[in-house]
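Chemist: next input, structure requested:
(2 chains, ligands or ions: 2)
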Number of protein chains: 2
Amino acid sequence: KAQQYGVTPQSVDFNDWYNEVVKKADLADNSPVAGAMVVKPYGSALWENIVRWLDTRFKATGHESLIFPTLIPMGFITKEADHVEGFAPELFTVSKIGTEELSEPYVLRPTSETIIGHMWAGWLNSYRDLPFLHYQWGSVFRAELRTKAFLRTSEFYWHEGHTAHADEAEARAEVRQQLDLYHEFCRNVLALPVVRGEKTASERFAGAVATYSIEGMMRDGKALQSGTSHYLGQNFSRAFDVKFQTREQREEYAHTTSWAISSRIIGAIIMTHGDDFGLIMPPNIAPIQVVVIPVGRKDNFDEMVAEGERLAAELRAQGLSVRVDKRDGVTNGFKYNDWELKGVPVRIELGPRDLEAGVVVVKNRNSEEKETLAREEAVSGMRARLDGIQAWLLERATSFMLDNTVTVDTYQEFQAAIEAGKWVRAFHCGDPESEKQIKDDTKATIRNIPLDDAEFFAEREEGGVCVHTGKPAAYGKRVIFGRQY
Amino acid sequence: KAQQYGVTPQSVDFNDWYNEVVKKADLADNSPVAGAMVVKPYGSALWENIVRWLDTRFKATGHESLIFPTLIPMGFITKEADHVEGFAPELFTVSKIGTEELSEPYVLRPTSETIIGHMWAGWLNSYRDLPFLHYQWGSVFRAELRTKAFLRTSEFYWHEGHTAHADEAEARAEVRQQLDLYHEFCRNVLALPVVRGEKTASERFAGAVATYSIEGMMRDGKALQSGTSHYLGQNFSRAFDVKFQTREQREEYAHTTSWAISSRIIGAIIMTHGDDFGLIMPPNIAPIQVVVIPVGRKDNFDEMVAEGERLAAELRAQGLSVRVDKRDGVTNGFKYNDWELKGVPVRIELGPRDLEAGVVVVKNRNSEEKETLAREEAVSGMRARLDGIQAWLLERATSFMLDNTVTVDTYQEFQAAIEAGKWVRAFHCGDPESEKQIKDDTKATIRNIPLDDAEFFAEREEGGVCVHTGKPAAYGKRVIFGRQY
Ligand SMILES: [Zn+2]
Ligand SMILES: [Zn+2]
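Modeler: Ligands and ions are numbered 1, 2, ... in the order given. From the prediction side, this is the model:
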């Protein structure tokens, strides 16, 4: 169905489109390990850019990285009651080391609150030791039946932030700070408009007092939870005895938080920005921002490559990431399609006649037009061009999200809108049974209770009745419903 | 035995000294997981600097990062006969996912040649696809009975490079290139003199055709293998069917390599440079290169801290990593000891009277003297001062290694030298049985057959007889024997 170098159009089959883009753009491949993927060089370069940006910001706000073991004693997981209930069905169990069968098995971490709580208990004495502002980069393990690269894999990659504070207010401020950082990162770096909000009780992280998320809309209308920040109260502190002496010499349990963005975010980039030609990489995170394609014939190809390298060097001097495509066994058409599929924001074609005329041909990934520009103009204007593409992506994604979000007050409208693949803004009574019924009826859930409606949704109503039960609305505002990944 | 803030002297008990330094300098802590450690912020910051330097160089030489699964199907490990024999006793087995008992268990990777070979088989078609220049950062798992932070832990951290080439010559050039890179890194960045050489057959990596190592001498005279680079021939290619069509349309198996430096290298830094006061961090890798200690009294402490921050800002503008110690609950003496123990290369003390006089007190970690310098002089001379400490460390370590290496021709001298904690340069016949007997007698092994004797050992002899068996010498040169970590 797909052409050799193309992909199935989004409108024909969004799922096929996604899987083909992931493979053909060389982001990831299937692995021989149940539910796990192999991240290939282009995907790994993208992930490294994501890691670098976030890591720099974590450090700038006083957070310190640590490395905790991948294994966790099974007994730790069962100490926090909600936590074990949430994770038990997904655990990988290590039962043997060398030839020794373990009487106390380990699990591969599904997340590290428990072992970090255990270590903190040993490190924490006085209020003077707080806050602990810790994080680690690594992988975690949660069994998945239906695998999809980046979105649902049994091993995935993330940072997990873990902080401990002397009081609730400071802990909650940390939770919000990290949520806001994620929002800024998505918006300014990935060109992803995301709605910040609190999760309802039934969607909370296993063991949390409050869970906040950022939610983005994919081009099929489904929501993707793209990051979370949790206030854990004293739940894990009590379970792991993370206590300290206060300034007033009392003993108290620490207030803890955790927060994460995972390799899922790559799925969000793909499904928010991609089109029928493949990926579109936001310039601010793109592993390759500009590709230079020397289009010579046999007798002058080497010369054009050398010229391409000179052009690339000038662009690199501006801090840009540039690739010169020197492959000689493939056609120019193949190269164009290949880099479009990989979503490189700008392509420069460099031919012998252009070279003589002092011009180059420039094409933005988000346009179908080619421009012929003076070489100097192409170079000096490149940063602004990339900024333009970045802004265009955010604008397009924001419009798409707003165009596909409807405000409804009846359950009939609600069902029709969800069925049409839209997000719905509606009042809800707060009853978990009603949430469950809605999910059974429509596969939609409350994505979150937006913290700042005004960012996207101008009108504001204080009251109302539940779109489902007709009971008085909870939360004091409309919540966002949608189907989700 | 140790003072509250000090450590057991090296001469009293080198092992206790090591363990206390690791804990008190906040590099790592024990974990509740058998044989695994927790790397704390100071250790993690050091590791991140190591990762960044190496990663930049890998990329600069055309290598691409990938992310392979942590789990490997058990059946993969058994495909390469020597490989399984080498690793079977150390494997962690995953036998259950969720509630499902696995009929085909997985192991936690002890190294990734097998799964990478499997993936390569799917990616490789033509000689045009080669070389594959791949690497990944991550952790690996090998059961350890006697754990020692950084040196022997059941989970440790590393990069593993894996490359595939069309012919043996190119593969062997890669093996040497990476070995030389490790040598350069140790020497110029970590101030570690290391001897490059080939391992004897009995010390080869499980499945390799040739293994090369860099070996450093710790301050107790033992050797630490600090990095390895392997030529794997076609062993793994055959086992995993990694073949390609040559330019001449024949089918051939790829020639592969692998290479690694692990978190062990942190053990080498500690044991090569440390002294009775604790660590000495080589300036070129130190997480904190300069610590500024405001030494005010209650009434002017804040002012001194502000002044310390100004001084730090000027040093940071030179690209230096600077910490201002603002703790107010501890004495200056405690702070001095604490930063000496952590091995920060330069300390600046900033007192109110000094401030008025326009001077600061500067102390190098490798000296017992304090210098009073004009503030500007301290700032403008800091980079040169750090370079001086870096050079001093390499010089000291090199002298120590040479002073503790002896050239012998009789087995009696050999045994005495090894017993005295030295390295021995001697001829050997190449018989593995003799190597084993020597190890049983003395606990010493052939560390390697130096590639470039002249770097450290000027005299060169072509022939000789085995120090153990009296048979004709193999290898055409003396080899290095020593006890090892
Ligand atoms: Zn309701
Ligand atoms: Zn011999």
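Chemist: could you pull out the strands for the stretch 201-350 of chain A?
Modeler: With DSSP state E, counting those that start in this stretch as the criterion, the stretch 201-350 of chain A has strands at A:210-217, A:223-233, A:243-245, A:251-253, A:255-262, A:290-294, A:322-324, A:346-350.
Chemist: can I get the ones you listed in CSV including mean neighbour count, mean pLDDT and distance to ligand 2?
Modeler: The C-beta positions use only the backbone N, C-alpha and C, and glycine is treated the same way. Below are the strands of the stretch 201-350 of chain A laid out as CSV (neighbours: other CB atoms under 10 Å in any protein chain shown; pLDDT from 0 to 100; distance: least, CB to the ion, whole Å):
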stretch, mean neighbour count, mean pLDDT, distance to ligand 2
strand A:210-217, 25, 98, 67
strand A:223-233, 24, 98, 62
strand A:243-245, 18, 98, 62
strand A:251-253, 14, 98, 64
strand A:255-262, 26, 98, 55
strand A:290-294, 25, 97, 58
strand A:322-324, 20, 98, 54
strand A:346-350, 23, 97, 63
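Chemist: can I get these in a markdown table including distance to residue B:382?
Modeler: Formatted as a markdown table, the strands of the stretch 201-350 of chain A follow (distance: least, CB to CB, whole Å):
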| stretch | distance to residue B:382 |
| --- | --- |
| strand A:210-217 | 43 |
| strand A:223-233 | 40 |
| strand A:243-245 | 38 |
| strand A:251-253 | 43 |
| strand A:255-262 | 37 |
| strand A:290-294 | 38 |
| strand A:322-324 | 36 |
| strand A:346-350 | 42 |
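Chemist: center of chain A - which residue?
Modeler: Averaging the C-alpha coordinates of chain A gives a centre point, and the residue nearest to it by CA atoms, centre = their mean is residue A:265 (1.8 Å).
Chemist: show me the contacts for the residue nearest to that residue when sequence neighbours are not counted.
Modeler: In space, residue A:265 comes closest to residue A:226 once its chain neighbours are excluded; the distance is 5.6 Å by CB to CB, 6 or more residues apart in numbering or on different chains. Applying CB atoms under 8 Å, 6 or more residues apart in numbering or on different chains to residue A:226 gives the contacts A:182, A:186, A:192, A:194, A:213-216, A:261, A:264-265, A:268.
Chemist: check which element follows the least confident helix or strand in chain A by mean pLDDT along the chain.
Modeler: Least confident helix or strand of chain A, by mean pLDDT, DSSP states H and E, is helix A:81-87 with a mean of 78. Next helix or strand after helix A:81-87 toward the C-terminus (DSSP states H and E): strand A:92-97.
Chemist: got the phi and psi for the residue of chain A found nearest ligand 2?
Modeler: In chain A, no residue comes nearer to ligand 2 than residue A:98, which is 32.3 Å away by CB to the ion. The phi and psi values for residue A:98, taken as degrees, to the nearest 10, are phi 60, psi -120.
Chemist: how far away is it from residue A:385?
Modeler: Counting by CB to CB, to the nearest Å, the gap from residue A:98 to residue A:385 is 58 Å.
Chemist: out of these two, which sits in the more crowded spot?
Modeler: Just comparing residue A:98 and residue A:385: by other CB atoms under 10 Å in any protein chain shown the higher neighbour count belongs to residue A:385, 19 against 15.
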